[in-house]
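Visitor: pasting the sequence and the predicted model now:
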Amino acid sequence: MHMGMFQAEEFGDLQRLVDGLFTGHQTIDRLDLIVQAEILDLAPDLLEIVNLVPPGTYDRTRLCDQINSALAAHGWGATYGTVE
């Protein structure tokens, strides 16, 4: 079975969100993440993942770890894609 069969239309949206947030920034706040996700009108499942990120300030690696952990817990990594 081809992995593309499991990919949602929104596959890669979280990666684009992370890429945009860290353009010109070394760290971001959780609030920046939430606001940008809402501005981009992410799908409800993706907003659920974003809202699971605990409050704090994040560098790219730490934020990606948090998002990927939430995706893995839901079993949605193949569906929505992980982030780097």
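Guide: Perfect, I can see it now. Numbers count the residues shown, from 1 in each chain.
Visitor: center of this structure, which residue is that?
Guide: When CA atoms, centre = their mean is applied to the chain, the residue found nearest the centroid is L14 (3.6 Å).
Visitor: contact partners for that residue?
Guide: Neighbour list for L14: 42, 46, 49-50, 67, 71, 80-83 [criterion: CB atoms under 8 Å, 6 or more residues apart in numbering]. Yep, even glycine has a C-beta here, placed from its N, CA and C like the rest.
Visitor: which residues of this structure fall in helices?
Guide: Remark: helices assigned in the chain by DSSP state H are 13-21, 30-39, 44-51, 60-74, 77-80.
Visitor: nearest to F6, of the ones you listed?
Guide: Of all the helices of the chain, helix 77-80 sits nearest to F6, with 4.8 Å by CB to CB.
Visitor: and the one helix or strand in the chain whose mean pLDDT sits lowest, what other elements does it pack with?
Guide: Least confident helix or strand of the chain, by mean pLDDT, DSSP states H and E, is helix 77-80 with a mean of 93. Other helices and strands packing on helix 77-80, by 3 or more CB pairs under 8 Å, 6 or more residues apart in numbering; DSSP states H and E, are helix 44-51, helix 60-74.
Visitor: can you give me the buried ones in that helix?
Guide: Y80 (16 or more other CB atoms under 10 Å).
Visitor: tell me how far that helix lies from the chain's centre.
Guide: Relative to its parent chain, helix 77-80 has a centroid offset of 11 Å by CA atoms, centre = their mean, to the nearest Å.
Visitor: residues in contact with it?
Guide: Outside helix 77-80, the residues within contact range by CB under 8 Å, 6+ apart are 3, 6-8, 10-14, 45-46, 49, 68, 71.
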